[in-house]
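> coords please:
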Amino acid sequence: MPRIRVLQSIAGADFSWAPGDVIEVDGAAASAWADGERAELVTEKAAPEKATPRSRGGGRGSRAETRST
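As a prediction, the model looks like this:
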């Protein structure tokens, strides 16, 4: 069965898809939904996304924090 990756939120009477969801649908539905705006075809297994790199600056910023009481 073809799979699509949802690009925009899509909902109906008996389903709800959020952006990033990968859904298995039949061929006719895949060609109808995968128009590049609402969804796209998934051709291979999706690789896990890499975590964002951590900042190497660390610690607090250079400006002193001021608070009024």
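> going forward, measure contacts between C-alpha atoms and count neighbours the same way
Fine.
> next one: phi and psi at Ala32?
Backbone torsions for Ala32, taken as degrees, to the nearest 10, come to phi -70, psi -40.
> ramachandran angles for Gly27?
Phi and psi for Gly27, reported as degrees, to the nearest 10, are phi -60, psi -40.
> which pLDDT value belongs to it?
With respect to pLDDT, Gly27 scores 90.
> quick check: it touching Trp33?
No - counting by Cα atoms under 8 Å, Gly27 does not reach Trp33; the two are 10.1 Å apart.
> tell me which of these two has more neighbours.
For Gly27 and Trp33, the more surrounded residue by other Cα atoms under 10 Å is Trp33, and the numbers stand at 18 against 11.
> show the contacting residues for the more buried one.
If you count contacts by Cα atoms under 8 Å, 6 or more residues apart in numbering, Trp33 has them with 4, 39-40.
> adding neighbour count and secondary structure, write those out as CSV.
Formatted as CSV, the contacts of Trp33 follow (neighbours: other Cα atoms under 10 Å; DSSP: H, G, I helix; E, B strand; the rest coil):
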residue, neighbour count, secondary structure
Ile4, 22, strand
Ala39, 25, strand
Glu40, 18, strand
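> looking at the residues you listed, which one is closest to Arg67?
Nearest to Arg67, judged by Cα to Cα, of the contacts of Trp33 is Ala39 at 48.0 Å.
> all strands of the chain, in order?
Ranges of strands within the chain are 3-6, 10-11, 16-17, 22-24, 39-42, based on DSSP state E.
> quick check: which of those strands is buried the most?
strand 3-6 (a mean of 22; mean count of other Cα atoms under 10 Å).
> identify the residues contacting Arg5.
Arg5 touches 19-23, 39-42, counting by Cα under 8 Å, 6+ apart.
> any low-confidence regions in the protein?
Applying pLDDT under 70 to the chain flags the ranges 45-65, 68-69.
> just to revisit the earlier point, adding distance to Thr66, write the strands of the chain out as a markdown table.
Shown next, in a markdown table, are these (distance: least, Cα to Cα, whole Å):
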| stretch | distance to Thr66 |
| --- | --- |
| strand 3-6 | 45 |
| strand 10-11 | 46 |
| strand 16-17 | 45 |
| strand 22-24 | 47 |
| strand 39-42 | 48 |
